[in-house]
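J.: The following comprises the amino acid sequence and a computationally predicted model.
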Amino acid sequence: MYCSVLPAFREDTDWVLADIGGTYARLACWSAPAGRSEQRRFENADFGGLHEVLAAHGKTLTRPVRRALLALALPVTGDRLTFTNRDWSFDAPQLAARLGLETLVIVNDFVAAAAGAVAPERTAVSVQQGEPRGAMRAVLGPGTGLGVAGVLDGGVTERARVIESEAGHMSFAATDDESLRVLHAAQTAWGRVSWERLLCGSGLAWVDATLRGSRAIDPPARVAQRAHAGDAAAMAAARWFSHALGSFAGDVCLALRATGGVYLAGGVLAGLGPAFERAAFRDGFADKGRFRALLEDVPCWRIDAGDLALHGLADIARGRIGAPGVLVEAMRA
């Protein structure tokens, strides 16, 4: 059953937490009294489906855990779900029955990451100084895809709530000659071009090759390595990526009126490291005409953590933050 806001669960409950994106699956056990166990990582390409990944993790446990909270890279709309960047589909009640689960909860992977990103104990690096004003914040993360979510503060009496989004699939907008060149090349390659096509790991690699005028596409990690070594072409690709991410983030900020702040996460930024150009990001972020002054005062932070989704899942399980998702509970006799 789809819930616009999942209920809070019992504090003493043991859970399997799973963050399963397009490339990797990260799983751990968690309970409020004991905290989180060491996470285990699997490569999705080694498995034929979601059930196999969860079963493989189950075999590593000393005792079965009957409750699972999954953050998956897909739109969470109902019981029948299909991954966005992987050829996996499943039925949530059937999955719960097959795994012998009493409770199965499924949220979008970036909903979980957003819950983890805004936790007060998170360490954040400033990308743009500003004064948080307002109850809405935005979280963006370029990785295998491009995740976007809003977080609405609850004030004194209510818990904060994650607002899910598929904004990464909006149409890419070019704002300068170089971006028009990228857009035209991308249209030739794919037809319609979304922001996610370009603001992700494979997008960074494709932009690097396009700006070099080459058909040879380096892996994203290699592009980052070249940028770190001072390679001019890779640095240009990183600069373009940084500016484009800023432009997109500024649009998301306006759409949500996320004047409470913008958080940047995701594996691509972690890989780029110092090659991510904060000045280029800020230029793209604030370049919104009559709203430049508003956006120049919105604080932006970069979150460097590989366990955001697992951390966010724990906060969802303990009821610290509300989130939309699918809830399946076994019938009791």
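T.: That came through fine. Numbering: from 1, shown residues only.

J.: in the stretch 151-300 of the chain, which spans are helices?
T.: Remark: helices assigned in the stretch 151-300 of the chain by DSSP state H, counting those that start in this stretch are 177-190, 195-198, 201-212, 220-228, 232-256, 267-272, 278-286, 292-296.

J.: so what's residue 123 scoring on pLDDT?
T.: Residue 123 carries a pLDDT score of 80 in this model.

J.: And for residue 11?
T.: For residue 11, pLDDT reads 68.

J.: still on that earlier bit, go through the helices of the stretch 151-300 of the chain and name the closest to residue 19.
T.: helix 267-272 (11.8 Å; C-beta to C-beta). The way it works is simple: take the backbone N, C-alpha and C, and place the C-beta from them, glycine included.

J.: who touches that closest one?
T.: Identification of contacts with helix 267-272 by C-beta atoms under 8 Å, 6 or more residues apart in numbering yields 141-144, 199-201, 204, 220-221, 224, 227, 238, 241-242, 276, 302, 304, 306.

J.: buried subset of these?
T.: 141-144, 199-201, 204, 220, 224, 227, 238, 241-242, 276, 302 (16 or more other C-beta atoms under 10 Å).

J.: Make a markdown table out of the helices of the stretch 151-300 of the chain and add mean pLDDT and distance to residue 63.
T.: Formatted as a markdown table, these follow (pLDDT from 0 to 100; distance: least, C-beta to C-beta, whole Å):
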| stretch | mean pLDDT | distance to residue 63 |
| --- | --- | --- |
| helix 177-190 | 95 | 48 |
| helix 195-198 | 96 | 40 |
| helix 201-212 | 96 | 37 |
| helix 220-228 | 96 | 38 |
| helix 232-256 | 97 | 43 |
| helix 267-272 | 93 | 32 |
| helix 278-286 | 97 | 47 |
| helix 292-296 | 96 | 51 |
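
J.: Per the annotation, how does the chain divide into domains?
T.: Domain assignment for the chain by automatic domain parsing gives 2-109+308-329, 123-303.

J.: end to end, how far does the shortest one reach?
T.: Which is domain 2-109+308-329. 12 Å (C-alpha to C-alpha, to the nearest Å).

J.: for stretch 171-181, same thing?
T.: End-to-end distance (C-alpha to C-alpha), stretch 171-181: 16 Å.

J.: Now find how far off-centre that stretch is within its chain.
T.: 24 Å (C-alpha atoms, centre = their mean, to the nearest Å).

J.: now do stretch 93-109
T.: 21 Å.

J.: Mind listing what's buried along it?
T.: 93, 95, 96, 99, 101, 103, 104, 105, 106, 107, 108, 109.
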